[in-house]
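> I need the structure of the sequence given here:
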Amino acid sequence: MSIDLHNHSSFSPDSKTPVEEIVEEAILKGLKVIGISDHDDLDDSFPDSYRMKDPEIYLKSLSRMKENSIVKVLAGLEVGLQSCAKTLPEGDFDYFIYSVHGIPGIKDLTSGDVWTLYLEEAIEAISGIDRPGFFGHIDFLRRYLPGHKALDNEELLCELLRKLIRAGIGIEINTSGWRYPYKEPSPQRWIVEKYFLCGGKFVTIGSDSHRREDVGSHVSDAVLLLKSIGFKEVFYCEKMEYKPVALTIY
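Numbers count the residues shown, from 1 in each chain. Alright, predicted model coming up:
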């Protein structure tokens, strides 16, 4: 039962893919659960940030797809959290992907202890958040750092992971990293292992697609990764409740 909970449609400014095409592609690739998770950045002061302008229309569109699709369609939202902006939007969402997309006051990512600043911001941003969902692409800054420098502050990472676990928030294996030059998921394997060893269990898979052809990409690689670490299940959320899918059926 393949799942992909991180997909962007034309409701996001960085995608031109209609919701209908995402669902069509999911069916073609044999996915059983497809989540649409368009952007809503709560702090819109960052470059390229975006507030969801028509959440009611968005949810109505996804509701129609739920009624008319042979796959399970979920209404998600990629919520851009920051320490200064974390009031969650209202609406009939099945789940949130919690993403921290920037460091306040930092425009130059080429100098300084960027990973420490990012993790400190993520720890503060997630404080007080207790609704089910998944923290998105924990080390996504690699996309933009010189040489794709990997996350290097293990102490703060573990603090973030423990905080997520206590709050009942999962993490995603974001497969888009396999489409970048560094050819690794986000987060890297060792980070997923840390989450597992800390007692984390709510893990999901998301392609972070912005194009139809990327829907469901590298989901099978993520499944193999999770199995090799020792996970027995992956999860999706429906009506803000976690639903397990046994990895043994993949």
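> And Ile129, how close does it get to Leu141?
Distance, Ile129 to Leu141, by C-beta to C-beta, to the nearest Å: 20 Å. For the C-beta atoms, the positions are set from N, CA and C on the backbone; glycine is no exception.
> Show residues contacting stretch 139-153.
99, 101, 109-110, 113-116, 118-119, 138, 157, 174, 177, 180-182, 186-188, 191 (C-beta atoms under 8 Å, 6 or more residues apart in numbering).
> Filter those residues down to the buried ones.
For the contacts of stretch 139-153, a neighbour count by 16 or more other C-beta atoms under 10 Å gives the buried set as 99, 101, 109, 114-115, 118-119, 138, 157, 174, 177, 186-188, 191.
> Where does pLDDT dip in the protein?
1, 249-250 (pLDDT under 70).
> if we can go back for a sec, so which of the buried ones among the contacts of stretch 139-153 belong to strands?
Members of the buried ones among the contacts of stretch 139-153 lying in strands (criterion: DSSP state E): Ser99, Asn174.
> In this structure, which residue is most central in space?
Gly136 (3.3 Å; C-alpha atoms, centre = their mean).
> My guess is that residue contacts His6. True?
Yes - Gly136 lies in contact with His6 (C-beta atoms under 8 Å); the separation is 7.0 Å.
> Which stretches in this protein count as helices?
19-28, 55-68, 114-126, 154-166, 189-197, 219-229 (DSSP state H).
> nearest to Lys86, of the ones you listed?
helix 114-126 (6.0 Å; C-beta to C-beta).
> Let me know the angle separating that closest one from helix 154-166.
Relative orientation of helix 114-126 with respect to helix 154-166: 20 degrees, computed using axes from the mean of the first three to the mean of the last three C-alpha atoms, to 10 degrees.
> CA atoms of helix 114-126 as PDB?
Extracted C-alpha coordinates of helix 114-126, given in PDB (Å, rounded to 0.1, in the frame of the first residue of the first chain):
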ATOM      1  CA  VAL A 114      23.900  27.700   9.800                       C
ATOM      2  CA  TRP A 115      22.800  24.300  11.100                       C
ATOM      3  CA  THR A 116      22.900  25.400  14.700                       C
ATOM      4  CA  LEU A 117      20.800  28.500  13.900                       C
ATOM      5  CA  TYR A 118      18.400  26.400  11.900                       C
ATOM      6  CA  LEU A 119      17.900  23.800  14.500                       C
ATOM      7  CA  GLU A 120      17.500  26.400  17.300                       C
ATOM      8  CA  GLU A 121      14.800  28.000  15.100                       C
ATOM      9  CA  ALA A 122      13.100  24.700  14.400                       C
ATOM     10  CA  ILE A 123      13.000  23.800  18.100                       C
ATOM     11  CA  GLU A 124      11.400  27.000  19.000                       C
ATOM     12  CA  ALA A 125       9.000  26.900  16.000                       C
ATOM     13  CA  ILE A 126       7.700  23.500  17.000                       C
END
